[in-house]
Structure formats: C-alpha cells, structure tokens
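J.: quick one, fold the following:
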Amino acid sequence: MFDPVGGPSDDLCVFDPTNPPSHCTPASLAKILSEDVPIRNVLDHPPQPITAPLFLEGADSSFTGIDFVPDSFVSGSVQSGALLYILEGDLGFSAANSGSDEVGHEVKVVNFLDSEDGLVSLNISRFAKNNTSDQAFITGAHGLNRPTDLRFGPDGCAWVVDWGAVRDPGQSGPDTKVKNAADGPLPQIPGTGTVFRICRSDE
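T.: Residues are numbered from 1 along each chain as shown. Predicted coordinates:
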C-alpha cells in the first residue's frame, strides 16, 4: 500500500503545467518524493496465510456502495442472493487506464453460483451504465455522474445516491476538465445531485 504520490491534486504539489508528467514544480515534486513514502509493515510477517479477495475492480474505479438484493428484485440477470454495487469512477488525477470503455459511473450485479466441486463462483456483469462510459453531464444526458451509495428500500427497489457532476483535473479525459483554475481540483456543478430509484420492470 502506498500514499498518493504526485499529480496536481497532491496536497504538496505546487501546480506547474510546463513540467509533465507530474505537473508539479521541481521543488514541490522533490518534497513529495521525500515525504510520500510506502507505508511500512506493521508486522514482520502475516499472522495467517493471505486470502485473495473475491474479485478485483479496475484501478481508480472507486467502489462506493453495495447491498444484497431482496427476493422481490430477482428477475432476469439478477438471481436470488445476488448483490448490486456501484462504482463512482476516477477523479481525473491520472491518465485513463481502461481505454474508451472507462471504468466507473455504473451499477454492477454479482451472482453467486454453486459449482459441482462445492465451491462458489462469481458471475459479475454490468447492470446500468451511461452509453458514453463517462459522467452523464458531458452530453447533457440524465444518467449517472458520481454514484456514491446504494441501498434497497422497504419498497424492494434499489436507491442510488449520486452526488452530481464533478469537474476534475482532466488527466483521464478532457471533457470533464476544470474550466477555471480558481475553482479548485474538484468543483461540483450545482443542482446536479440525484437520487435514482431502480425497480423491477413490472413494478
């Protein structure tokens, strides 16, 4: 595990657009490299064998909310015992790392499948995503921008809280780049926060 190092949104970075790839002044970059060091081990060895996670998501995808589906939501690609989770998406601090199909700004479903050997396997698929693969505000669509939480309500529907359109340093895509440098690294566009209610199609 490492502390964030460099980039225009690093607390220690003094922005300098003429000094790529860090875009920090040489003096502030030297300070970053001297103080942002790997987090040292707390123990000299693991207390038990390390267990791999069930699954991994793409870098900078920002896993922000998760909930298991109720039986009333089961239909089609959503099986009994499945869960939904949301990815907020990267905040433009680094270059895009997933091609044109940007990771994030989406809802995914995980189905747990029993196998013949008694082990459980996972089937992960996309449940809801903008067709631009980025924040919806870029094209004016009424879709996902920055989903930050997901919970199922007593009505059996999934409620997704989206904190709205956010401009960022733009290193992963120019369309979301901050237009006024005086606005800071992550200005939120007023009036764009949304709560989505997702129900079965027969609801």
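J.: neighbours of Glu106, how many?
T.: Using other Cβ atoms under 10 Å, Glu106 has 21 other residues around it. (Each C-beta comes from the backbone N, C-alpha and C, glycine too.)
J.: please read the previous query as pertaining to Pro185.
T.: When neighbours are defined as other Cβ under 10 Å, Pro185 has 19 of them.
J.: over to it. Which of the three states is it?
T.: What DSSP: H, G, I helix; E, B strand; the rest coil gives for Pro185 is coil.
J.: wait, it touches Val178, no?
T.: Yes - judged on Cβ atoms under 8 Å, Pro185 makes contact with Val178 at a distance of 7.0 Å.
J.: intersection of neighbour lists for those two?
T.: Taking Cβ atoms under 8 Å, 6 or more residues apart in numbering as the criterion, Pro185 and Val178 both touch 168-169.
J.: per the record, what domains does this structure have?
T.: 1-46, 52-198 (automatic domain parsing).
J.: buried stuff in stretch 141-155?
T.: Buried residues in stretch 141-155, counting neighbours by 16 or more other Cβ atoms under 10 Å, are found at 143-150, 152.
J.: distance check, the spatially most central residue of the chain against Leu33.
T.: In the chain, the C-alpha nearest the mean C-alpha coordinate belongs to Ser62, at 2.4 Å (Cα atoms, centre = their mean). Distance, Ser62 to Leu33, using Cβ to Cβ, to the nearest Å: 25 Å.
J.: sorry, back to before: the closest residue to the residue nearest to the centre of the chain other than its chain neighbours - how many residues pack around it?
T.: Take Ser62 and drop its neighbours on the chain: the residue closest to it by Cβ to Cβ, 6 or more residues apart in numbering is Glu88, 3.7 Å away. By other Cβ under 10 Å, 23 other residues sit near Glu88.
J.: Glu88 and Asp149 touch, don't they?
T.: No - counting by Cβ under 8 Å, Glu88 stays clear of Asp149, with 9.7 Å between them.
J.: my guess is Gly81 contacts Phe112, does it?
T.: Yes - between Gly81 and Phe112 there is a contact under Cβ under 8 Å: 5.5 Å.
J.: lowest average confidence across helices and strands of this protein, where is it?
T.: For the chain, the helix or strand with the lowest mean confidence is helix 26-35, at a mean of 85 (criterion: mean pLDDT, DSSP states H and E).
J.: which strands and helices sit next to the helix or strand just after it?
T.: Helices and strands here follow DSSP states H and E; after helix 26-35, the next one along the chain is strand 63-68. On a contact count with 3 or more Cβ pairs under 8 Å, 6 or more residues apart in numbering; DSSP states H and E, strand 63-68 meets strand 83-87, strand 147-152, strand 158-162.
J.: so which of the ones you listed comes closest to Thr139?
T.: strand 158-162 (15.9 Å; Cβ to Cβ).
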